[in-house]
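Asks: Everything below, folded, please.
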Amino acid sequence: MSSSLRVPSVPPRSEIDISAFFHAIRQQKALIFFVTVGITLVAAAYAFSTTPEYQVSSVLRPAAINELDALNRSEVYQLPPGGALNKVGASLESYETRLNFFRANQALFKPFERPGRTLEQSFDVFNRDSLKLVLPDPKKTDSLSSYIGLGLNYPKGIDGVSVLNKFVDFAINAEREQIAADLKVIVRNRLTELEGKIEAARSSYKTAKDARIATLQEADNIKRAQLLDELKALRQQIKTARQDRIAQLGEAIAIAKSLGIKNPTTPSALGEKAVGPSESNSVMRTEINNQQIPLYFMGDESLSAERTALLQRKSDDFTEVRIAQIARELQLLQSNREIEMLKQRQNEDLFLSGVEPLRAEVVRLRNLGSLDISNMKLVTIDRKALEPLKPVSPKKALILTIGVLLGAIFGVLAALARNFLSGVRSTEQQKVASQISNASGEL
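Replies: Okay, here's the model as predicted:
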């Protein structure tokens with residue numbers, strides 16, 4: 001005889017039994033407690049074993065206008081306060097400036113050194129994770145928002161206050177030295193340019209002076225040549241006139257001899273001799289003649305004497321006044337006083353034209369060498385780094401709170417899992433007992 005008795009299967013419940021949930025938690029409260037305590041202890045161990053990390057910051061603002069007045073009044077290097085702040089900010093952000101500071105202050109960065117790391121690798125860790133530059137919002141145009149912030153996160157064991165303050169001073173000094181070097185180069189370049197202009201003016205003056213001397217010498221040479229030509233022509237003219245006079249005298253002497261005229265006479269006197277003495281005593285004649293009396297009327301003796309003197313003459317220069325004037329002018333041309341003064345100038349720079357402003361600028365630029373930039377204030381340190389009161393990490397209270405919450409959550413999950421496994425085992429045992437009971441009923 002077979003029995004058809006079967007254990008009805010329990011349909012799955014789609015809704016969570018809240019009372020069963022809280023019952024399971026009450027039953028597994030010891031488990032929840034131990035799990036919560038365990039995770040909290042782990043969180044506490046992490047919170048108290050992690051090296052504390054601190055944070056310091058510094059704020060820079062533009063310097064006052066009077067701090068940069070000496071530099072800006074130089075008219076060589078213009079640097080407004082905002083520009084100086086930007087330059088210092090660029091220096092603070094510069095990889096090279098940070099590396100140079102790291103190298104110059106290695107004693108401050110001992111905790112960053114690790115075995116197997118090079119100096120640059122240790123610096124890269126510090127530069128990437130520790131230093132942060134904070135800039136104002138570019139959308140804000142208010143001058144009050146002009147600032148540069150610099151933050152430093154550092155672990156315990158590092159003097160972060162000294163690191164940040166010294167780095168800010170290092171960056172400012174580096175930028176100040178760069179400005180001094182730039183100013184020196186600009187002044188040197190401008191001095192070179194001005195000296196080149198002065199040298200060009202000096203060369204132009206020398207060329208003009210040489211041209212002036214050459215012009216004066218050429219004018220003197222031309223004048224001398226013209227005077228010599230005129231003197232030669234005058235002498236030739238006088239010589240020709242003397243020779244012509246000698247020829248005229250020779251002809252007149254011959255005529256006078258043929259007429260028997262020995263002493264100077266006139267045509268009237270010569271006519272009286274032809275008429276006779278008796279008639280000449282009773283007659284008075286008047287001679288009116290507008291023509292020149294022929295030369296032979298001077299008589300043989302006077303003409304011969306003149307001819308002899310002309311033949312014996314060695315120079316005719318005294319007969320022409322212009323020759324004496326030419327001699328005077330030639331004597332004056334022997335030395336040109338303007339040329340002598342031009343050649344005797346000692347300090348020719350005094351005669352350069354248009355270089356007075358250049359010389360004044362050279363003196364002004366050379367005086368800029370005494371400009372003291374070492375104490376020039378590029379920025380105002382609005383807030384220096386101060387020793388922090390507490391670390392920024394780890395936040396122990398938060399970690400412990402999170403540990404407790406996670407412990408409670410994991411404890412509850414563990415309790416539910418354990419309760420679920422217990423329920424599954426109980427169901428399996430009931431099924432086995434039911435099967436045994438059915439099997440015994442069939443027998």
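Asks: Quick one: list the elements packing against the strand or helix carrying A181.
Replies: Secondary structure from DSSP states H and E places A181 in helix 160-259. In this structure, helix 160-259 makes packing contacts with strand 53-62, helix 81-93, helix 95-104, strand 148-155, helix 300-312, helix 321-332, helix 337-343, helix 356-367, judged by 3 or more CB pairs under 8 Å, 6 or more residues apart in numbering; DSSP states H and E. C-betas here are computed from N, CA, C, even on glycine.
Asks: Give me the angle between it and strand 148-155.
Replies: Counting by axes from the mean of the first three to the mean of the last three CA atoms, to 10 degrees, helix 160-259 points 140 degrees away from the direction of strand 148-155.
Asks: Of all the helices and strands packed on helix 160-259, which one is nearest Q178?
Replies: Evaluated with CB to CB, the helices and strands packed on helix 160-259 place helix 81-93 nearest to Q178, the distance being 7.8 Å.
Asks: returning to what we had before: roughly how far out does the helix holding A181 sit from the chain middle?
Replies: Distance, stretch centre to chain centre, for helix 160-259: 36 Å (CA atoms, centre = their mean, to the nearest Å).
Asks: now it against helix 356-367, angle please.
Replies: Using the same axes, to 10 degrees, the interaxial angle of helix 160-259 with respect to helix 356-367 works out to 150 degrees.
Asks: what about helix 160-259, average pLDDT?
Replies: Averaged over helix 160-259, pLDDT sits at 91.
Asks: export the helices and strands packed on helix 160-259 to a markdown table and tack on mean neighbour count?
Replies: Compiled in a markdown table, these are given as follows (neighbours: other CB atoms under 10 Å):
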| stretch | mean neighbour count |
| --- | --- |
| strand 53-62 | 19 |
| helix 81-93 | 19 |
| helix 95-104 | 15 |
| strand 148-155 | 19 |
| helix 300-312 | 15 |
| helix 321-332 | 13 |
| helix 337-343 | 11 |
| helix 356-367 | 13 |
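Asks: With mean pLDDT as new columns, can these be given to me in TSV?
Replies: Output for the helices and strands packed on helix 160-259, formatted as TSV (pLDDT from 0 to 100):
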stretch	mean pLDDT
strand 53-62	86
helix 81-93	89
helix 95-104	86
strand 148-155	84
helix 300-312	89
helix 321-332	92
helix 337-343	90
helix 356-367	89
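Asks: Same list, these, but as JSON lines with distance to T266 please.
Replies: What follows is the helices and strands packed on helix 160-259, written out as JSON lines (distance: least, CB to CB, whole Å):
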{"stretch": "strand 53-62", "distance to T266": "121"}
{"stretch": "helix 81-93", "distance to T266": "115"}
{"stretch": "helix 95-104", "distance to T266": "124"}
{"stretch": "strand 148-155", "distance to T266": "127"}
{"stretch": "helix 300-312", "distance to T266": "14"}
{"stretch": "helix 321-332", "distance to T266": "32"}
{"stretch": "helix 337-343", "distance to T266": "58"}
{"stretch": "helix 356-367", "distance to T266": "83"}
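Asks: Quick check, A104 in contact with D169.
Replies: No. The pair A104 and D169 fails to qualify as a contact (CB atoms under 8 Å) at a distance of 11.6 Å.
Asks: relative to helix 95-104, how tilted is the helix holding A181?
Replies: Here the directions of helix 160-259 and helix 95-104 differ by 120 degrees (the same axes, to 10 degrees).
Asks: relative to helix 81-93, how tilted is helix 160-259?
Replies: Using the same axes, to 10 degrees: helix 160-259 against helix 81-93 is 120 degrees.
Asks: Next, the angle helix 300-312 makes with helix 160-259.
Replies: Relative orientation of helix 160-259 and helix 300-312, computed by the same axes, to 10 degrees: 150 degrees.
Asks: on that earlier part again, who wins for proximity to E251 among the helices and strands packed on helix 160-259?
Replies: When the helices and strands packed on helix 160-259 are compared for distance to E251 using CB to CB, the nearest one is helix 300-312, at 9.5 Å.
Asks: Mind giving me the packing neighbours of that closest one?
Replies: For helix 300-312, the packing partners by 3+ CB pairs under 8 Å, 6+ apart come out as helix 160-259.
Asks: relative orientation of the helix it packs on and strand 53-62 in degrees?
Replies: Computed by the same axes, to 10 degrees, the angle separating helix 160-259 from strand 53-62 equals 30 degrees.
Asks: quick check: angle from helix 160-259 to helix 321-332?
Replies: Using the same axes, to 10 degrees: helix 160-259 against helix 321-332 is 160 degrees.
Asks: Just give the nearest non-adjacent residue to S393, would you?
Replies: Leaving aside its sequence neighbours, S393 sits nearest to E53 (CB to CB, 6 or more residues apart in numbering; 4.5 Å).
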